[in-house]
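Visitor: Pasting a predicted model and its sequence here:
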Amino acid sequence: MKNVPVALPRWIDVALLPVLNVLLALAAAGVVVWAIGQSPLAAVKLLLEGAFGNAISWSYTLYYTTNFIFTGLAVAVAFQGGHFNIGAEGQATLGGLGVGLVLLALDRWLPPPLLLPLALLGGIAAGVAWAWVPAWLQAWRGSHIVITTIMFNFLASALMVWLLVNVLKVPGNQTVESRAFAAGAALPSARTMFDALGIEWPDTPLNLGFVLALLAAAGVWLLLWHTRLGHALRAVGLAPDAARYAGISPQRMTLISLSISGGLAALAGANEIAGVHHKLLLDFMAGAGFTGIAVALMGRNHPLGIVLAALLFGALAQGGSELVFEMPAFTRDMSVAVQGFVVLFCGALSLLLRSPVARAYALFSRRRDG
């Protein structure tokens, strides 16, 4: 590595290397497609058309993207504070539960302009509370945050099952779900919002949650890089002993970072319950909390990177569904494998191409300067 710069320009680390890693992951997926006797180029074409080919495709892609932005931001905020939050799935589940309980209790009494903000606050409070317990155990009892947040995912799932089966299930209904919320007790859909502007739009799960996700990303950026609290949080994440010497309490920052993380994850649950299903049901998150880990890693724990990574995973989720439908030899498991390749090359092997890129950049720099 002689004459190779240790520090590459930020645009290479943040932009070029992730793009190259994605291309490498798609190339590996292309080998799998070729191995089953299908055309990799045809598969890529179907994937792109399924994700971006028309308004319906775009809507579903952005719907998946919404959840991935929220859960990716949740993981990133905790990571900036020095903690690996594996519990976004459970925190999102509790967020959805909190939203659902508020709507079930008040949807027949309050108008939507008052009911929906109250429901979102209830969901955020539930997500914060679910993250606060592992945070407290980490800060004051030394319990490992990875272990406790994983455990709380299972507890959240068990709690949902018990409530729906024993408390919230409609009597006589064979499906384990609550009653539907009253009309209007839901986040406005994209179709409703576009209709108000005189624009025709298909009826899809995309809703106001996508706008809230973008606002959340902007808010996280402002918090982490433009406030004293964000500076303290990142200081603890980078060097807890130095931060403690500077008068910053790592225990306090642990509670704050995990609480913010839980609140962000809860908004993904709110998007599902108040924006899509309009009732409480089982397994409504479908693994979006775990996908958020990959989104945060690929996005380098920066809000802009997370939005772009979430869009990629949203496109893979929607385009993969279309690919499975149009190319029967390409199964659902293979669609998941493609996402796995992206996680592998953009997460575990994210530095695989750094050395050759660094050598190429060093060679280019010498020729330019010479």
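Guide: Noted; the coordinates are in hand.
Visitor: drop to CA atoms for contacts and neighbour counts, all remaining ones
Guide: Noted.
Visitor: Which residue, other than its chain neighbours, is closest to A43?
Guide: L323 (6.8 Å; C-alpha to C-alpha, 6 or more residues apart in numbering).
Visitor: What's the first helix or strand after the strand or helix carrying that neighbour?
Guide: Taking DSSP states H and E as the criterion, L323 maps to helix 303-326. Going down the chain from helix 303-326, the next helix or strand is helix 332-343, by DSSP H and E.
Visitor: contact partners of that following helix?
Guide: Contacting residues not belonging to helix 332-343 are listed as 21-22, 25-26, 28-29, 294, 298, 313, 316, 320-321, 324 [C-alpha atoms under 8 Å, 6 or more residues apart in numbering].
Visitor: Neighbour count, pLDDT and distance to D107 added to the residues you listed, as TSV?
Guide: TSV is the format used below for the contacts of helix 332-343 (neighbours: other C-alpha atoms under 10 Å; pLDDT from 0 to 100; distance: C-alpha to C-alpha, whole Å):
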residue	neighbour count	pLDDT	distance to D107
N21	25	85	47
V22	20	84	45
A25	21	85	46
L26	19	84	46
A28	16	86	50
A29	23	85	47
A294	27	89	36
M298	28	85	39
F313	26	93	34
L316	24	91	36
G320	28	87	37
S321	20	86	34
V324	19	83	39
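Visitor: V357: which of these is nearest?
Guide: Taking C-alpha to C-alpha as the measure, N21 is the one of the contacts of helix 332-343 closest to V357, at 11.5 Å.
Visitor: SS state for that closest one?
Guide: helix (DSSP: H, G, I helix; E, B strand; the rest coil).
Visitor: now T204
Guide: T204 ends up coil, using three-state DSSP.
Visitor: Might you report the residue contacts of E200?
Guide: By C-alpha under 8 Å, 6+ apart, the contact set of E200 is R191, F194.
Visitor: quick one on the thing from earlier: how far off helix 332-343 does the helix holding L323 point, in degrees?
Guide: Here the directions of helix 303-326 and helix 332-343 differ by 160 degrees (axes from the mean of the first three to the mean of the last three C-alpha atoms, to 10 degrees).
Visitor: on that earlier part again, does the residue nearest to A43 touch G50 like I think?
Guide: Yes - the pair L323 / G50 is scored as a contact, 7.1 Å apart, by C-alpha atoms under 8 Å.
Visitor: For R108, give me its contacts.
Guide: Contacts of R108 by C-alpha under 8 Å, 6+ apart are A182.
Visitor: for the stretch 101-250 of the chain, what spans make up the helices?
Guide: 112-141, 145-163, 190-196, 209-226, 228-238, 240-245, 250-272 (DSSP state H, counting those that start in this stretch).
Visitor: Can you say which of these is packed in most?
Guide: helix 250-272 (a mean of 28; mean count of other C-alpha atoms under 10 Å).
Visitor: for the stretch 251-370 of the chain, which spans come out with low pLDDT?
Guide: Filtered on pLDDT under 70, the stretch 251-370 of the chain yields the residue ranges 348, 350, 370.
Visitor: Check the gap between L104 and F181 for me.
Guide: As judged by C-alpha to C-alpha, to the nearest Å, L104 and F181 stand 6 Å apart.
Visitor: typo on my end, Q80
Guide: For Q80 relative to F181 (C-alpha to C-alpha), the value is 37 Å.
Visitor: Contacts only, for the closest residue in space to G269 that isn't next to it in sequence.
Guide: Closest residue in space to G269, ignoring its immediate chain neighbours: G96 at 4.0 Å, by C-alpha to C-alpha, 6+ apart. Neighbouring residues of G96 by C-alpha under 8 Å, 6+ apart: G123, A266, L267, A268, G269, A270, N271, E272, I273, A274, L280.
Visitor: Now the fourth one. Nearest residue, chain neighbours left out?
Guide: What that stands for is A268. N67 (4.8 Å).
Visitor: do the last one as well
Guide: Nearest residue to L280, sequence neighbours excluded (C-alpha to C-alpha, 6+ apart): S178, at 5.2 Å.
Visitor: from the chain's centre, how far out does the helix holding L323 sit?
Guide: Distance of helix 303-326 from the chain centroid (C-alpha atoms, centre = their mean, to the nearest Å) equals 12 Å.
Visitor: packing partners for that helix?
Guide: Counting contacts by 3 or more C-alpha pairs under 8 Å, 6 or more residues apart in numbering; DSSP states H and E, helix 303-326 is packed against helix 40-52, helix 55-80, helix 209-226, helix 288-298, helix 332-343.
Visitor: Deepest-packed of those, please.
Guide: helix 55-80 (a mean of 28).
Visitor: That one versus helix 228-238: what angle between them?
Guide: Using the same axes, to 10 degrees: helix 55-80 against helix 228-238 is 70 degrees.
Visitor: got the angle between helix 55-80 and helix 40-52?
Guide: Using the same axes, to 10 degrees: helix 55-80 against helix 40-52 is 90 degrees.
Visitor: How far off centre is stretch 21-32?
Guide: Distance of stretch 21-32 from the chain centroid (C-alpha atoms, centre = their mean) equals 22 Å.
Visitor: circling back: tell me the pLDDT of the residue nearest to G269.
Guide: pLDDT, G96: 97.
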